[in-house]
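1. predicted model and sequence follow; I will ask about them next.
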Amino acid sequence: MYYGFDIGGTKIAFAAYDGALSLRHELRLATPKDDYEGLLSLLADQVRQADVRFGMRGSVGIGFPGIINAQDGSVVAANLPAINGRHLGRDLAARLDRPVAVDNDANCFLWSEVQGGAADGAASALGMTIGTGIGGGIYLNGRIHQGRNWLAGEIGHYPLPGTLLLKYPDLPRLRCGCGRLVCFETLASGNGLERLYHHYTGERQSGQQIVARLEAGEEKARAAVDCWLDVLAAGLACALSTLDPEVVVLGGGLSALPILYEQLPVRLPGHLLPGVALPAIRQARFGGAGGVRGAALLNLTT
């Protein structure tokens, strides 16, 4: 059995998959905010209960929004104070007397899509999640590539391309949660779409409401979405020029929008070298379950 945890700011998803990678059990738990020992106990209890349920010791994987400190192996997760700076995998492994694999949640998302999902059979793939921020993962040579500092695939934090700022000179220069200005995710994420709509209208609406207004024919919504699509295409083109993957898999809250799959192939060539063949751009097969499924399957890499 493969057990996975996807740790978020408010909720922890837990799921168990059998050897055929079929879902056998899942539940949601509240994330302890500042109680590391309580969180470890919560995770360990779920694993032990699953062992009893299935009559075997399952392997364990954890996904979280952050990176692994390359110097000491601790978790770097500013939005998860309970685990930030802690050796989560090592400490849980000691409690369970078994290895525990730990990785970034976007990497888990992509790993899930490689295993029977939208990137199954691809030799290389880029995963991009479009949610509150922009997450990314890279699949090469049969494995997820983390990089020296676990930063590989963090496409949300490279700066907006200068050509985009030339085309839209009045774009807001926003400070990212990482502390820097004009990171890609400040305008490319779901929050970015909301910021662009506010920039064009002075109103604050959710991403889904903005899309509904676009479909109703609102011109300001059209302008905001048009700019947002240009931002996505320009930033994604930077990643394609660097990685040249066979497949791009989109996940996250806005990845179900048909306009992405209609417009990105149209807009990307203007940001790439002439004659470049575009990768397949696909919606994630496993949707919101991709993170916890990928975490559960982390031990397939070993």
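-> Done, it's in.
2. show me the contacts for A13.
-> By C-beta atoms under 8 Å, 6 or more residues apart in numbering, A13 lies in contact with 4-6, 26-28, 289, 291-292. To be clear about C-beta, it is placed using only N, CA and C from the backbone, and glycine gets the same treatment.
3. farthest-separated two in those residues?
-> Within the contacts of A13, L27 and G291 form the most distant pair, 14.7 Å apart (C-beta to C-beta).
4. who's more crowded, the two?
-> The neighbour count for L27 versus G291, taken as other C-beta atoms under 10 Å, is higher for G291 (32 against 11).
5. isn't the more buried one up against L110?
-> No - G291 is beyond contact range of L110, at 9.9 Å (criterion: C-beta atoms under 8 Å).
6. so which helix or strand takes in the residue most central in space within the chain?
-> Taking C-alpha atoms, centre = their mean, the centroid of the chain lies closest to A106, which sits 3.3 Å from it. Of the helices and strands defined by DSSP states H and E, A106 is found in helix 105-114.
7. what does G294 give?
-> Assigned by DSSP H and E, G294 belongs to helix 290-296.
8. would A16 count as being in a helix?
-> No - under DSSP: H, G, I helix; E, B strand; the rest coil, A16 sits outside any helix and is assigned strand.
9. so what's it bridging to?
-> Using DSSP bridges, the beta-bridge partners of A16 come out as Y3, H25.
10. how far away is the residue in the chain sticking out farthest from the centre from L300?
-> For the chain, the residue at maximal distance from the C-alpha centroid (C-alpha atoms, centre = their mean) is G55, at 32.7 Å. Separation of G55 from L300 (C-beta to C-beta, to the nearest Å): 21 Å.
11. what do you get for H199?
-> Here the criterion is C-beta to C-beta. By it, H199 lies 44 Å from L300.
12. cool, and C227?
-> Taking C-beta to C-beta, one finds C227 at 40 Å from L300.
13. those two - which one has more neighbours?
-> Applying other C-beta under 10 Å to C227 and L300 shows that C227 carries more neighbours, namely 21 against 16.
14. tabulate the CA atom coordinates of stretch 2-22 in CSV.
-> Extracted in CSV, the C-alpha atoms of stretch 2-22 (Å, rounded to 0.1, in the frame of the first residue of the first chain):
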residue,chain,number,x,y,z
TYR,A,2,1.0,3.6,-0.7
TYR,A,3,0.0,6.3,1.8
GLY,A,4,0.2,9.9,1.0
PHE,A,5,-0.3,13.2,2.9
ASP,A,6,-0.8,16.6,1.3
ILE,A,7,-0.2,19.2,4.0
GLY,A,8,-1.8,22.6,3.4
GLY,A,9,-2.3,25.7,5.5
THR,A,10,-5.7,24.6,6.8
LYS,A,11,-6.2,21.0,5.7
ILE,A,12,-4.3,17.8,5.5
ALA,A,13,-5.4,15.3,2.8
PHE,A,14,-4.6,11.6,3.5
ALA,A,15,-5.1,8.9,1.0
ALA,A,16,-4.1,5.2,0.5
TYR,A,17,-3.6,3.5,-2.8
ASP,A,18,-3.0,-0.2,-3.6
GLY,A,19,-0.4,-1.8,-5.8
ALA,A,20,-2.6,-1.1,-8.9
LEU,A,21,-2.6,2.6,-7.9
SER,A,22,-6.3,2.5,-7.1
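15. where does Y200 fall, secondary structure wise?
-> Per DSSP H and E, Y200 falls inside helix 190-201.
16. the helix or strand following that helix - contacts with which helices or strands?
-> Heading C-terminal from helix 190-201, the first helix or strand you meet, by DSSP H and E, is helix 207-215. Using 3 or more C-beta pairs under 8 Å, 6 or more residues apart in numbering; DSSP states H and E, the elements in contact with helix 207-215 are helix 190-201, helix 219-243.
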